[in-house]
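Chemist: 3D, please:
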Amino acid sequence: MIVHMKRKDIYTLLFGILCCAGTSLCFSCADDLEIGKQFDESSLNSIYENRVFLADGLSGRVSNVVELYVEQYSTTVSMFLSKNASTSTSAKVMIDETYLKTYNELHNTSFEMLPADIVTLGNEGIMKVAEKGKQLDVELTFHVENQLEAGKTYALPLAIADNSSDIMIKDEENRHCVYLVKDMRAFGDAFKGEDKPKGFLFFEVNDVNPLNAFSFQLENGKYLWDVVVLFAANINYDAEAGRPYVKCNPNVQYLLDNNETLLQPLRKRGIKVLLGLLGNHDMAGLAQLSKQGAKDFAREVAQYCYAYNLDGVNYDDEYSGMPDIDNPSFVYPSTEAAARLCYETKQAMPDKLVTVFDYGQMYGVDSVDGVDADEWIDIVVPNYGGTAYPIGNMSKRKCAGLAMEFNLGVGSNLSSQTVKHLLAGNYGWYMGFAPFPDRYNSIFRRLSGAEELYGSRLKEPTIFYKKNDPNPSNYPDDLLSLIHISEPTRLRRIS
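Modeler: Presented below is the predicted three-dimensional model:
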């Protein structure tokens, strides 16, 4: 277990303690109670105390990534309670630089401390009882000028410095929360506002250059797609080593080997790049790894993301055979095993995105080891024509409210009507799959709702990128020279 994420539901915990205490009394009364003798209730005092944990007030997460696209960003730090606070309840939050070493050791990371001069805690860090009664808040503000290296992740560990007598901090871990802060102001061409739904796009990289995300630009200069997925690398079984591993076909590996010219230009414009992973017709699968198997595979995924400067991963449970459960790396396929992999992946790369395609066994379990799914899933996208739903404490801001398949022309469209659906439902994402440049005419018609969503029309395409070419070609004049496989070698199933 990692310290910053091992947060049990405090309400369930308190209820469980009460139940256990009651049960213990019932079964031990014959041995421990004497008729006419006063029962000593001091052993039960702790169950009535107010148990707490510290987290970001807006997201409820104990490890929260903050991307700064403007000079000043504000949130709240909150102390969440198991029962209503009294009027005398008080606490103070402070920066705890000593905790950074512990955090880095737990995650095998090397984050540097966020400079203290960009951090302001309101009211000198003294928390106030919120209207909800079970929460104490204090404002946290980041004001950044030129103190940070662009795109680099810095850590800000916060801790409860002191507390009133009616609050009990059960574990040292509950005293802390950590902010992972990145200055993204130099990468803002895809940022269209915190409150706007974002675009999540899969590229069939066996056939299409991911730089084609640059073809989709609004008239105000912003890019439509916020995330692109390299679809896809695979989880495969290494018979010699007896374990699953990340396998990249030649097309994926070429992009990774040439990421400075074929991937990093996307990231420099604020478009995040994720490594897609799915099964590959053997017994290794994303939803059938044991606890240790998931931990080992997650570490390898993290190594890929850090080595190639990617923004995270997308998991898709397809095309896997049945595992050999005598192998300690595997268990029977289940949503629990898939959730474990997501959980372990987030532990291995806490500043990266862990995203899932809601298909097969990949999604549906709302906690792992008592840690809510909101802590280890960042985005979930649905099958074509569907809508993703939140689990645990997740909100719809992490869910795609519609999904479009461009190659076959199925699924929803980003239209005026579906934009209303996204906004009314407070969905944070919409998804597209397999945009081939020679089909831009039909694809761009399906995205007509961009103007209503962002207040700026989607421009007609003027460029596209041939496979593995870092230089743009003219659209549509150079389309005749485009080598295109009309039916991709691996299309996502439609159910």
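
Chemist: can you tell me how far Arg445 is from Met431?
Modeler: 18 Å (Cβ to Cβ, to the nearest Å). Backbone N, C-alpha and C define where each C-beta goes, glycine included.

Chemist: among those two, which residue is more densely surrounded?
Modeler: For Arg445 and Met431, the more surrounded residue by other Cβ atoms under 10 Å is Met431, and the numbers stand at 27 against 10.

Chemist: in which helix or strand does that one reside?
Modeler: strand 429-433 (DSSP states H and E).

Chemist: so which residues make contact with the helix or strand following that strand?
Modeler: Using DSSP H and E, the next helix or strand after strand 429-433 towards the C-terminus is helix 440-445. Helix 440-445 is touched from outside by 215, 406, 409, 435, 458, 460-461, 464, 475-476, with contacts defined as Cβ atoms under 8 Å, 6 or more residues apart in numbering.

Chemist: top of these by neighbour count?
Modeler: Counting by other Cβ under 10 Å, top hit in these: Pro435 with 27 neighbours.

Chemist: from Glu405, how far out is it?
Modeler: Taking Cβ to Cβ, one finds Pro435 at 10 Å from Glu405.

Chemist: now do Ser456
Modeler: 25 Å.

Chemist: between these two, which one's more packed in?
Modeler: For Ser456 versus Glu405, the count of surrounding residues by other Cβ under 10 Å is larger for Glu405: 21 against 16.

Chemist: need the helices for this protein, in chain order.
Modeler: 10-32, 99-107, 250-257, 259-262, 264-267, 291-307, 335-348, 416-425, 440-445, 450-454 (DSSP state H).

Chemist: so which of these is the most packed in?
Modeler: helix 335-348 (a mean of 24; mean count of other Cβ atoms under 10 Å).

Chemist: how many neighbours does Lys182 have?
Modeler: 19.

Chemist: and it, what are its bridge partners?
Modeler: In this entry, Lys182 is beta-bridged to Glu67, Thr153, by DSSP bridges.

Chemist: I'd say it and Tyr154 touch.
Modeler: Yes. Between Lys182 and Tyr154 a contact is recorded at 7.5 Å, counting by Cβ atoms under 8 Å.

Chemist: need the overlap of contacts for the two.
Modeler: Common neighbours of Lys182 and Tyr154 (Cβ under 8 Å, 6+ apart) are Leu148.

Chemist: how about Asp238, nearest residue that isn't a chain neighbour?
Modeler: Tyr245 (5.0 Å; Cβ to Cβ, 6 or more residues apart in numbering).

Chemist: low-confidence ranges in this protein?
Modeler: Of all residues in the chain, those with pLDDT under 70 make up the ranges 1-51, 85-89, 130-132, 162-173, 481-495.

Chemist: tell me the centre residue of it?
Modeler: Asp378 (2.1 Å; Cα atoms, centre = their mean).

Chemist: so what's Gln417 closest to, chain neighbours aside?
Modeler: Nearest to Gln417 is Gly449, by Cβ to Cβ, 6+ apart, at 7.7 Å.

Chemist: then Leu81?
Modeler: Counting by Cβ to Cβ, 6+ apart, the residue nearest Leu81 is Lys134, at 4.5 Å.

Chemist: what's near enough to touch the one you found?
Modeler: So Lys134 contacts 80-85 (Cβ under 8 Å, 6+ apart).

Chemist: turn the residues you listed into CSV, columns for distance to Ser59 and neighbour count.
Modeler: What follows is the contacts of Lys134, written out as CSV (distance: Cβ to Cβ, whole Å; neighbours: other Cβ atoms under 10 Å):
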residue, distance to Ser59, neighbour count
Phe80, 12, 21
Leu81, 18, 24
Ser82, 20, 20
Lys83, 23, 15
Asn84, 22, 12
Ala85, 21, 24
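
Chemist: re earlier: the strand holding Met431 versus helix 416-425: what angle between them?
Modeler: 140 degrees (axes from the mean of the first three to the mean of the last three Cα atoms, to 10 degrees).

Chemist: tell me what strand 429-433 is packed against?
Modeler: Here strand 429-433 touches strand 198-204, strand 379-381, strand 400-405, going by 3 or more Cβ pairs under 8 Å, 6 or more residues apart in numbering; DSSP states H and E.

Chemist: just the angle between the last one and helix 416-425, please?
Modeler: Orientation note: strand 400-405 sits at an angle of 150 degrees relative to helix 416-425 (the same axes, to 10 degrees).

Chemist: check the offset of strand 400-405 from the chain's centre.
Modeler: 18 Å (Cα atoms, centre = their mean, to the nearest Å).

Chemist: same deal with the first one?
Modeler: Averaging C-alpha coordinates over strand 198-204 and over its chain gives two centres that are 16 Å apart (Cα atoms, centre = their mean).

Chemist: not counting its own residues, what contacts that strand?
Modeler: Contacts for strand 198-204 (Cβ under 8 Å, 6+ apart): 192, 209-210, 212-213, 216, 224-231, 276, 314, 355, 379, 381, 400, 407, 428-436, 488, 490-492.

Chemist: any of the residues you listed buried? List them.
Modeler: 192, 209-210, 212-213, 216, 224-231, 276, 314, 355, 379, 381, 400, 407, 428-436, 488, 490, 492 (16 or more other Cβ atoms under 10 Å).

Chemist: distance of Leu423 from Tyr69?
Modeler: Distance from Leu423 to Tyr69, by Cβ to Cβ: 21 Å.

Chemist: please apply the same query to Phe111.
Modeler: 20 Å.

Chemist: now Pro476
Modeler: 34 Å.

Chemist: burial of the residue lying closest to Asn258 once chain neighbours are set aside, as a residue count?
Modeler: Spatial nearest neighbour of Asn258, excluding adjacent residues (Cβ to Cβ, 6+ apart): Asn468 at 7.4 Å. Asn468 has 14 neighbours, counted by other Cβ under 10 Å.

Chemist: residue contacts, Asn468?
Modeler: Neighbouring residues of Asn468 by Cβ under 8 Å, 6+ apart: 209, 254-255, 258, 262.

Chemist: which one of the residues you listed is nearest Val365?
Modeler: Leu255 (31.8 Å; Cβ to Cβ).

Chemist: nearest spatial neighbour of the closest one, chain-adjacent residues omitted?
Modeler: Going by Cβ to Cβ, 6+ apart, Leu255 has Leu262 as its nearest residue, at 5.2 Å.

Chemist: could you measure from that neighbour over to Leu121?
Modeler: Applying Cβ to Cβ to Leu262 and Leu121 gives a distance of 42 Å.
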